[in-house]
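Peer 1: pasting the structure only:
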């Protein structure tokens, strides 16, 4: 199959740090990374930026939507106008939430579709109880008609991504606002495998959830710990028999207590586990 016969697929992003969605660009074969295009989405027409170009038929099997057209300078101005109005929506919605005494509801963001036909208002809640937002949606519908208004609940990590700001680690921009396009599932086990203190200040992000960065090196630590002894296991070292008090997986080193000699550090291949069946890492 020649290049001209293959489906040209492009990855498009609708916000600076957002998910990438794939579209059929076969009608625009001269498209380049960085080009702005207009496409149809489940949330109406949107203006997005081309991030990836894939020549092939793999993605085409999922019946991808086609790009409508290339964006023009007029389209860019129109998008800016809707973006300016989004702040007005946020302010009005927050005021109405206060008037309706909707405790626990926080308005995080608002987004118009490219053509202004749809208006999405994003909110978070501090309670697990179901809150009736019918009156709020109706009020926003009346205030911002003819756009079709929808209220969409988002989680604390999404809120932190929108607000941005400094991360708990001191980085000027939080990971979620800088480069994370998806949120991975994070667990306490990830912190344990990496030997990180389980105190809330060490493992909790600004969003109040476990830090996303616990995921970054987790696989490397799991792999590095294979075959290393657990703490408190008895081992034989070049300096005699001792007890494991700590391990440094990424360095491949083991800290062993040798009685009168105190703690000494050995390479993993220098020690022998006395009970191999119990001493292996899971």
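Peer 2: On my side now, so go ahead. Source: prediction; values computed, not measured.
Peer 1: first-to-last residue distance for stretch 10-28?
Peer 2: For stretch 10-28, the first-to-last residue distance is 10 Å (CA to CA, to the nearest Å).
Peer 1: can we start the residue count at 58 from this point?
Peer 2: Understood, numbering begins at 58; the last thing we discussed is stretch 67-85.
Peer 1: can you give me the buried ones in that stretch?
Peer 2: 67-71, 77-83, 85 (16 or more other CB atoms under 10 Å). Using the backbone N, CA and C atoms, a C-beta is placed for each residue, glycine as well.
Peer 1: what about the helices in the stretch 58-207 of the chain?
Peer 2: 130-156, 191-200 (DSSP state H, counting those that start in this stretch).
Peer 1: out of those, which gets nearest to residue 318?
Peer 2: helix 130-156 (64.6 Å; CB to CB).
Peer 1: so which of the helices of the stretch 58-207 of the chain gets nearest residue 281?
Peer 2: The nearest among those, by CB to CB, is helix 130-156 at 46.1 Å.
Peer 1: how much space between residue 185 and residue 161?
Peer 2: 10 Å (CB to CB, to the nearest Å).
Peer 1: per-domain residue ranges of the protein.
Peer 2: For the chain, automatic domain parsing gives the domain ranges 65-128, 133-211, 216-273, 285-336.
Peer 1: so which of those gets nearest residue 279?
Peer 2: Among the domains of the chain, if distance is taken as CB to CB, the winner is domain 216-273, at 5.9 Å.
Peer 1: picking that back up, rebuild the helices of the stretch 58-207 of the chain as JSON lines, extending it with mean pLDDT, mean neighbour count and distance to residue 320.
Peer 2: Shown next, in JSON lines, are these (pLDDT from 0 to 100; neighbours: other CB atoms under 10 Å; distance: least, CB to CB, whole Å):
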{"stretch": "helix 130-156", "mean pLDDT": "94", "mean neighbour count": "14", "distance to residue 320": "56"}
{"stretch": "helix 191-200", "mean pLDDT": "95", "mean neighbour count": "15", "distance to residue 320": "61"}
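Peer 1: would you check that residue 150 makes contact with residue 178?
Peer 2: Yes: between residue 150 and residue 178 there is a contact under CB atoms under 8 Å: 5.6 Å.
Peer 1: give me the common contacts of those two.
Peer 2: 164, 167, 197 (CB atoms under 8 Å, 6 or more residues apart in numbering).
Peer 1: closest to residue 231 among those residues?
Peer 2: residue 164 (19.9 Å).
Peer 1: quick one on the thing from earlier: neighbour count winner among residue 185 and residue 161?
Peer 2: Applying other CB atoms under 10 Å to residue 185 and residue 161 shows that residue 161 carries more neighbours, namely 13 against 6.
Peer 1: need the contact list for the spatially closest residue to residue 150 that is not a sequence neighbour.
Peer 2: The spatial neighbour of residue 150 that comes closest, neighbours along the chain excluded (CB to CB, 6 or more residues apart in numbering), is residue 164 at 4.8 Å. By CB under 8 Å, 6+ apart, the residues touching residue 164 are 147, 150, 151, 154, 178, 179, 180.
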